[in-house]
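**Student:** model the structure of this input:
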Amino acid sequence: MKKILILITLLLFPFTVNSESKLNKILSSGELKVGTTGDWDPMSLKDPSTNEYKGFDIDVMNELAKDMGVKTTFVATDWKTIVPGISSNRYDISTSVTKTSQRALVVGFSNSYYKYGTVPLVLKKNLKKYPTWESLNNEKVIIATTLGTSQEAKAKEFFPKSKLQSVESPARDFQEVLAGRAVANITSSTEANKLIITYPELAIVEDGIKDPAVLSMMVDQNDQVWLNYINQWIEIKKASGFFDTLLVKYDLKSLE
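**Tutor:** As a prediction, the model looks like this:
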């Protein structure tokens with residue numbers, strides 16, 4: 001499988017896999033270094049008792065490494081440093097992040113394999129008072145976000161009248177809502193659907209999802225050979241049904 005995938009990439013994109021490409025370095029070292037935050041259910045979660053990672057993206061990266069014939073090494077990062085981790089070569093690739101124009105200035109993005117929306121979460125007991133996005137756009141409302149996430153920037157756009165409060169990892173924005181220090185936080189529809197199960201005191205506002213966005217892996221924007229390989233691998237795995245199988249496993253549904 002490893003040889004077939006690499007051969008397809010070279011036939012479709014006739015570049016030399018030279019010593020400057022991470023593709024060649026990964027194959028030579030036998031190790032794929034993956035940056036991941038471990039705090040995004042169900043994409044990437046770190047078990048504190050074992051320090052092992054699990055989740056949708058973790059399965060994706062382990063499958064990628066298997067097809068390349070190398071081992072996976074997960075490198076801990078957080079949302080404020082996940083982009084610099086690519087540009088400083090701390091790791092070869094990241095688990096999925098939201099594709100944004102700001103991030104695209106400094107990193108390369110793979111083809112996408114998942115689409116989601118953004119939703120606010122409030123305490124269920126406050127849902128009548130804050131039933132909609134617009135009801136949260138209020139100078140008396142504190143909106144929590146996690147430092148370095150795409151939602152941190154989106155909060156400024158969606159809630160210009162509100163007070164914005166960013167928390168730094170390992171703290172998370174929804175914890176501020178649970179503690180009563182914020183009225184709401186905004187997060188991906190993917191995470192929100194998991195959080196309201198784990199924390200039944202949380203609820204999604206009634207007018208639901210806005211701002212559809214796509215998830216992609218990040219790589220060095222100057223390494224076209226490595227990016228081409230990743231993109232071809234994603235398309236091959238889409239065609240094989242691999243991503244559909246993971247959606248079922250993690251009870252997820254990508255937005256159309």
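**Student:** walk me through the domains of this structure.
**Tutor:** 2-110+217-249, 117-212 (automatic domain parsing).
**Student:** who's in contact with the closest residue to Leu255 other than its chain neighbours?
**Tutor:** Counting by C-beta to C-beta, 6 or more residues apart in numbering, the nearest residue to Leu255 once its immediate chain neighbours are dropped is Lys115, at 4.4 Å. Quick note: C-beta positions are derived from backbone N, CA and C, even for glycine. In this structure, Lys115 makes contact with 212-215, 254-256, judged by C-beta atoms under 8 Å, 6 or more residues apart in numbering.
**Student:** how about the secondary structure of Lys115?
**Tutor:** Per DSSP: H, G, I helix; E, B strand; the rest coil, the local secondary structure of Lys115 is strand.
**Student:** mind listing the residues bridging to it?
**Tutor:** Here Lys115 shows beta-bridge partners Val214, assigned using DSSP bridges.
**Student:** can you list the low-confidence ranges for the stretch 51-200 of the chain?
**Tutor:** Scanning the stretch 51-200 of the chain with the threshold set as pLDDT under 70 gives no residue ranges.
**Student:** what ranges does it have for its strands?
**Tutor:** When secondary structure is read from DSSP state E, counting those that start in this stretch, the stretch 51-200 of the chain shows strands at 52-54, 71-76, 93-94, 97-98, 108-109, 114-123, 142-146, 163-167, 184-188.
**Student:** please identify which of those strands is closest to Gly208.
**Tutor:** The closest approach between Gly208 and any of the strands of the stretch 51-200 of the chain, judged by C-beta to C-beta, belongs to strand 114-123 at 6.1 Å.
**Student:** pLDDT on the top helix by length along the chain, on average?
**Tutor:** As far as residue count goes, and with DSSP state H defining each element, the longest helix of the chain is helix 224-240. Averaged over helix 224-240, pLDDT sits at 97.
**Student:** same for it, what does it pack against?
**Tutor:** Helix 224-240 makes packing contacts with helix 2-12, helix 22-29, helix 56-68, strand 218-219 when contacts are defined by 3 or more C-beta pairs under 8 Å, 6 or more residues apart in numbering; DSSP states H and E.
**Student:** quick one: buried residues of the longest one?
**Tutor:** Read that as helix 56-68. 56-65, 67-68 (16 or more other C-beta atoms under 10 Å).
**Student:** now do it and helix 22-29, the angle between them.
**Tutor:** Angle between the axes of helix 56-68 and helix 22-29 is 70 degrees (criterion: axes from the mean of the first three to the mean of the last three C-alpha atoms, to 10 degrees).
**Student:** how about the strands of the stretch 51-200 of the chain in a markdown table, adding distance to Val83?
**Tutor:** Shown next, in a markdown table, are the strands of the stretch 51-200 of the chain (distance: least, C-beta to C-beta, whole Å):
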| stretch | distance to Val83 |
| --- | --- |
| strand 52-54 | 19 |
| strand 71-76 | 14 |
| strand 93-94 | 8 |
| strand 97-98 | 8 |
| strand 108-109 | 11 |
| strand 114-123 | 19 |
| strand 142-146 | 14 |
| strand 163-167 | 16 |
| strand 184-188 | 17 |
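**Student:** the ones you listed: which one's closest to Tyr199?
**Tutor:** In terms of C-beta to C-beta, the element of those nearest to Tyr199 is strand 114-123, at 8.9 Å.
**Student:** okay, the angle between the closest one and helix 56-68?
**Tutor:** Using the same axes, to 10 degrees, one finds that strand 114-123 and helix 56-68 are set 160 degrees apart in direction.
**Student:** so how far is stretch 103-117 off the chain centroid?
**Tutor:** Here the centre of mass of C-alpha atoms in stretch 103-117, compared against the chain's by C-alpha atoms, centre = their mean, to the nearest Å, lies 9 Å away.
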